[in-house]
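Enquirer: what follows is a predicted structure for the sequence shown.
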Amino acid sequence: EAKENVLNTLQGLKSFSKGSRGDRRAKQIHLRNLRVARGAATCVLLLSAPFWIWPVGDWLHEHHPSVAAFYFSGLTTLVLQILFTIYTDFGNTVALAIEGIVGTGIAWLNSVILFKFVLG
């Protein structure tokens, strides 16, 4: 009986919301999120190319060892920065990146003050 009540309720909600403005908005949001996910996946795929195409990484290491060392050591940070700040448009992406940089700077300053002056 409880299952029938749930099914009846869901059927009633489906007929109420199908084709409505909220349904169209949900589809738009879903498509926008898919575009953002595709963009993030493409960036990460291109940044990780020297790992999965080893001749590229080997060439980079032989011809530009300092660039290779920086690239291979800082890649995880770069990928995380891209994944955490990528958004649906460029303006919001820049705003999120600035907020992240300012937040990291404040956290660093807090650590310096704490360890240098309070505990120090």
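Expert: Received the coordinates, thanks. All figures in this text were calculated on a predicted structure; none of them were measured in a lab.
Enquirer: what's downstream of the helix or strand containing L10, the next helix or strand?
Expert: Assessed by DSSP states H and E, L10 sits inside helix 2-17. Moving toward the C-terminus from helix 2-17, the next helix or strand (DSSP H and E) is helix 21-47.
Enquirer: buried residues in the very next helix or strand once past that following helix?
Expert: Helices and strands here follow DSSP H and E; after helix 21-47, the next one along the chain is helix 49-52. Residues of helix 49-52 classed as buried by neighbour count (16 or more other C-beta atoms under 10 Å): P50. (Glycine included, C-beta is placed from N, CA and C.)
Enquirer: what helices or strands is helix 49-52 leaning on?
Expert: helix 54-63, helix 65-85 (3 or more C-beta pairs under 8 Å, 6 or more residues apart in numbering; DSSP states H and E).
Enquirer: rank those by pLDDT, which is bottom?
Expert: If you rank the helices and strands packed on helix 49-52 by mean pLDDT, helix 65-85 sits at the bottom with a mean of 74.
Enquirer: how far does that one sit from the chain's center?
Expert: Distance of helix 65-85 from the chain centroid (C-alpha atoms, centre = their mean, to the nearest Å) equals 14 Å.
Enquirer: same for it, what does it pack against?
Expert: Using 3+ C-beta pairs under 8 Å, 6+ apart: helix 65-85 touches helix 21-47, helix 49-52, helix 54-63, helix 90-113.
Enquirer: ok, 6 Å please
Expert: If contacts are counted by 3 or more C-beta pairs under 6 Å, 6 or more residues apart in numbering; DSSP states H and E, helix 65-85 sits against helix 21-47, helix 90-113.
Enquirer: how many other residues sit next to the closest residue to R32 other than its chain neighbours?
Expert: In space, R32 comes closest to T88 once its chain neighbours are excluded; the distance is 5.3 Å by C-beta to C-beta, 6 or more residues apart in numbering. As a burial measure, T88 scores 13 neighbours (other C-beta atoms under 10 Å).
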